[in-house]
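[1] One predicted model, sequence on top.
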Amino acid sequence: MPARAGTAPGAGPEGLFVGLMSGTSADGIDAALVEFDAGGRCRLVHAAHAQWDPSVRGLLLDIGQQRIEPSLDLLGTLDVQVAEAFAEATRSLLEEAGVPRGAVMAIGSHGQTIRHRPAGAAGDGRHPFTIQIGDGNVIAERTGIATVADFRRRDVAAGGQGAPLLPALHAALLADPGEDRAVLNLGGIANLTLLPAGDAAVRGFDTGPANCLLDAWCERHTGQPFDRDAAWAAGGTNDPGLLERLLEEPWFALPPPRSTGREQFHLEWLQARLRGEDPRDVQATLLELTVRTVADALRREQPGTRRVLACGGGVHNPLLMARLQALLPGMAVESTAAAGLHPDYVEAMGFAWLARRTMAGLAGNLPAVTGARGARVLGVVYPAAS
């Protein structure tokens, strides 16, 4: 498919790259081995999902939900533990694929976000920051492969949101000159990439919570890390009063560019808006919140959309996908699998793509998406040991 201006999929070295991703839900590490040819076309060679050690995941969730304020010692330790888990995920991926580490040009590691404050801690725009842990030095040392990490902070330093970072990849791989399209990532947070027909600018932004609240509420009340096949939510009923209280959150009224995370949408945020509702009804209402905020944003920002290509864990939630289709009549809502991209590994592939661009000295952000002052080369390169 044709690329948009600024995406330049053909630019950069050909060869094998690894992309590593752990999202807001902290449900595991997605690892993708991606091959790029001289024309910039990419192929998913092999993919794997690695589970977090339960104690590490528990700490990551406690920090993300702001249940604990981590000490410097804890953050330093987690920084190394996360990196070691990413390195192990890479080793397992290459072993399963039968590919020697010397054949891989670089690893692109997203890390694990523990705070995302593009408006600053006080929300006044001063001292914006974003923090992803998983030390690239450790990954490079443990794997023997050059590693690119810390992708988001340069965009934030340039006045951007630092997210979303993958609309350029979506444009390169999924745009169609004949129809308005949208790519919907349903991870912990939901985000949209708008791909208008013709040569109009690509846009992208977060729409609000997707799985982060659904998973956290389900785990609190059922002990299960997620609501498989939406079976628990299906036994509840959307509560209109609760939904309206949730939708009154001022963040939803912010115009793009915008981004968010667990520091905004966490269980305490939800608890403050509850009035004694049945837990299953809360789960059903949280699902409706995700659907409504996505649908409202899409109808407002690109009403002519004809096709919505969805990826991320939410693709496997049949009730969520059915409700999206119901609220978006006239738009085909389907998995990115229909376009040849595995929905579980689009983001991991994206960080392989970003690493390739960084190694070539090419910009990875789209200022029209993030709001940065200009295009920037993203990430820090940690060379392999000589």
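    Arrived safely, thanks for sending. The structure displayed is predicted, hence computed values, not measured ones. Numbering: from 1, shown residues only.
[2] Could you use CA atoms for every contact and neighbour count after this?
    OK.
[3] Give me the phi and psi angles of residue 208.
    phi 140, psi -160 (degrees, to the nearest 10).
[4] just residue 187 next, same as before
    Phi and psi for residue 187, reported as degrees, to the nearest 10, are phi -90, psi -140.
[5] Please shift the residue numbers so they start at 30 in all later answers.
    Will do, 30 is the new start, and the previous item becomes residue 216.
[6] residues touching the closest residue to it other than its chain neighbours, list them.
    The spatially closest residue to residue 216, leaving aside those adjacent along the chain, is residue 341, at 5.0 Å (CA to CA, 6 or more residues apart in numbering). Residue 341 makes contacts with 214, 215, 216, 372, 373, 374, 375, 376, as judged by CA atoms under 8 Å, 6 or more residues apart in numbering.
[7] so what pLDDT did residue 30 get?
    Predicted confidence (pLDDT) for residue 30: 31.
[8] wait, I meant residue 325
    At residue 325, the predicted lDDT confidence score is 98.
[9] three-state assignment of it?
    helix (DSSP: H, G, I helix; E, B strand; the rest coil).
[10] on that earlier part again, need the buried ones from the contacts of residue 341 selected in PyMOL.
    Those of the contacts of residue 341 that meet the burial criterion (16 or more other CA atoms under 10 Å) are gathered into one PyMOL selection, given here:
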select buried, resi 214+215+216+372+373+374+375+376
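[11] Redo the contacts of residue 341 as TSV? Include distance to residue 182, secondary structure and pLDDT.
    Listed next are the contacts of residue 341 as TSV, based on distance: CA to CA, whole Å; DSSP: H, G, I helix; E, B strand; the rest coil; pLDDT from 0 to 100:
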residue	distance to residue 182	secondary structure	pLDDT
214	21	strand	97
215	23	strand	97
216	20	coil	95
372	26	coil	97
373	25	coil	97
374	23	coil	97
375	21	helix	97
376	18	helix	97
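[12] and the residue nearest to residue 216, backbone torsions?
    The phi and psi torsions at residue 341 (degrees, to the nearest 10) take the values phi 90, psi 170.
[13] could you show me where the strands are in the stretch 180-329 of the chain, in order?
    Ranges of strands within the stretch 180-329 of the chain are 210-215, 218-224, 232-238, based on DSSP state E, counting those that start in this stretch.
[14] could the ones you listed be laid out in JSON lines, adding distance to residue 361?
    What follows is the strands of the stretch 180-329 of the chain, written out as JSON lines (distance: least, CA to CA, whole Å):
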{"stretch": "strand 210-215", "distance to residue 361": "10"}
{"stretch": "strand 218-224", "distance to residue 361": "14"}
{"stretch": "strand 232-238", "distance to residue 361": "19"}
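[15] and residue 83, which of the ones you listed is closest to it?
    Within the strands of the stretch 180-329 of the chain, the stretch nearest residue 83 is strand 218-224; the backing value is 21.7 Å (CA to CA).
[16] Describe which strands the closest one pairs with in its sheet and in which direction.
    Partner strands for strand 218-224, per DSSP bridges, with pairing direction: strand 210-215 (antiparallel), strand 232-238 (antiparallel).
[17] Name the residues that touch the last one?
    By CA under 8 Å, 6+ apart, the residues outside strand 232-238 that reach it are 192-193, 196, 217-224, 281, 285-290, 294, 318-319, 322-323, 326, 397-399.
[18] 6 Å instead, please
    When contacts are defined by CA atoms under 6 Å, 6 or more residues apart in numbering, strand 232-238 is touched by residues 218, 219, 220, 221, 222, 223, 286, 287, 288, 319, 323, 398.
[19] Tell me, how many residues neighbour the third one?
    Right, residue 220. For residue 220, the tally of surrounding residues (other CA atoms under 10 Å) stands at 26.
[20] about what we covered before: so of the contacts of strand 232-238, which two are at opposite extremes in space?
    The span of the contacts of strand 232-238, defined through CA to CA, is set by 319 and 398 at 21.0 Å.
[21] Figure out how far stretch 58-67 is from the centre of its chain.
    16 Å (CA atoms, centre = their mean, to the nearest Å).
[22] What mean pLDDT does it get?
    For stretch 58-67, mean pLDDT rounds to 95.
[23] Just give the number of residues close to residue 269.
    Burial measure for residue 269: 11 neighbouring residues, criterion other CA under 10 Å.
[24] what pLDDT does the nearest residue to it once chain neighbours are set aside get?
    Counting by CA to CA, 6+ apart, the nearest residue to residue 269 once its immediate chain neighbours are dropped is residue 314, at 7.8 Å. Note on residue 314: pLDDT of 98.
[25] is it true that residue 314 touches residue 266?
    No: under the criterion of CA atoms under 6 Å, residue 314 lies out of contact with residue 266, with a separation of 7.0 Å.
[26] of the two, who's got more company?
    Looking at residue 314 and residue 266 with other CA under 10 Å, you find the greater number of neighbours at residue 314, namely 24 against 15.
[27] which residues in the stretch 130-279 of the chain form helices?
    Counting by DSSP state H, counting those that start in this stretch, the stretch 130-279 of the chain has these helices, from start to end: 165-172, 182-186, 196-203, 240-251, 260-263, 269-276.
[28] Would you mind finding the most buried of these?
    Ranked by average neighbour count under the criterion mean count of other CA atoms under 10 Å, the helices of the stretch 130-279 of the chain are headed by helix 196-203 at a mean of 25.
[29] which helices and strands sit right next to that helix?
    Using 3 or more CA pairs under 6 Å, 6 or more residues apart in numbering; DSSP states H and E as the contact criterion, no helix or strand is in contact with helix 196-203.
[30] Quick check: which of the helices of the stretch 130-279 of the chain is nearest to residue 123?
    Nearest of the helices of the stretch 130-279 of the chain (CA to CA): helix 165-172, 10.3 Å.
[31] what comes into contact with the closest one?
    With CA under 6 Å, 6+ apart as the criterion, helix 165-172 contacts 112, 116, 175, 176, 178, 411, 413.
[32] Try it again at 8 Å.
    Outside of helix 165-172, the residues within contact range by CA under 8 Å, 6+ apart are 109, 112-113, 115-116, 119-120, 130, 138, 174-179, 411-414.
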